[in-house]
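Enquirer: 3D, please:
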Amino acid sequence: MSDIGIWEIRYKKQSPDRSPLAAVQDFVQEISRRWWKYLELRDRRDAFLQLQRLDDRTLADIGLNRADVEGVARLPLEVNAAHELEALRRSRKLNS
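Expert: Numbers count the residues shown, from 1 in each chain. Next comes the predicted model:
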């Protein structure tokens with residue numbers, strides 16, 4: 001989870017008029033925001049992984065192969081796997 005820096009949350013400088021409760025609320029909001037971002041990335045990757053269920057002929061019809069899908073599936077969550085596959089497909093098309 002290094003991409004969202006969940007373990008590197010930085011605290012805002014405390015100003016004299018800022019209460020400790022506000023700092024805690026900000027901290028909780030930041031944790032919540034990062035958690036939802038992580039879940040969004042996981043959902044996006046889970047949807048992408050549906051491609052692994054397709055047979056080789058169907059993958060070939062859309063310009064991909066099994067190795068493409070398996071290779072891109074290993075990328076970090078912050079990388080949009082669908083965009084990477086599209087780039088592979090396009091480069092393969094240009095080289096044909």
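
Enquirer: low-confidence stretches in the protein?
Expert: Low-confidence segments of the chain (pLDDT under 70): 1-16.

Enquirer: for it, what's the longest helix?
Expert: Longest helix in the chain by number of residues (criterion: DSSP state H): helix 20-48.

Enquirer: please name every helix or strand in contact with it.
Expert: Under the contact definition 3 or more C-beta pairs under 8 Å, 6 or more residues apart in numbering; DSSP states H and E, helix 20-48 sits against helix 66-73, helix 81-95. All C-beta atoms are positioned from the backbone trio N, CA, C, and that covers glycine.

Enquirer: tell me how far the helix or strand that it is followed by lies from the chain's centre.
Expert: Per DSSP states H and E, the first helix or strand lying C-terminal to helix 20-48 is helix 56-61. Helix 56-61 sits 25 Å away from the centroid of its parent chain (C-alpha atoms, centre = their mean, to the nearest Å).

Enquirer: other SSEs contacting helix 56-61?
Expert: helix 66-73.

Enquirer: show me which residues of the helix it packs on are buried.
Expert: 68, 69, 72 (16 or more other C-beta atoms under 10 Å).

Enquirer: with distance to residue 87 added, can I get these in CSV?
Expert: Below are the buried residues of helix 66-73 laid out as CSV (distance: C-beta to C-beta, whole Å):
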residue, distance to residue 87
68, 10
69, 14
72, 10
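
Enquirer: nearest to residue 51, of the helices and strands packed on helix 20-48?
Expert: Proximity to residue 51, assessed across those by C-beta to C-beta, is greatest for helix 66-73 (4.9 Å).

Enquirer: what's next to that closest one, contact-wise?
Expert: 45, 48, 49, 51, 52, 56, 59, 81, 84, 85, 88, 89 (C-beta atoms under 8 Å, 6 or more residues apart in numbering).

Enquirer: quick check, nearest of those to residue 25?
Expert: Checking the contacts of helix 66-73 against residue 25 by C-beta to C-beta gives residue 45 as the nearest, at 30.6 Å.

Enquirer: from what I can see the closest one touches residue 77, true?
Expert: Yes - taking contacts as C-beta atoms under 8 Å, residue 45 lies within contact range of residue 77: 5.9 Å.
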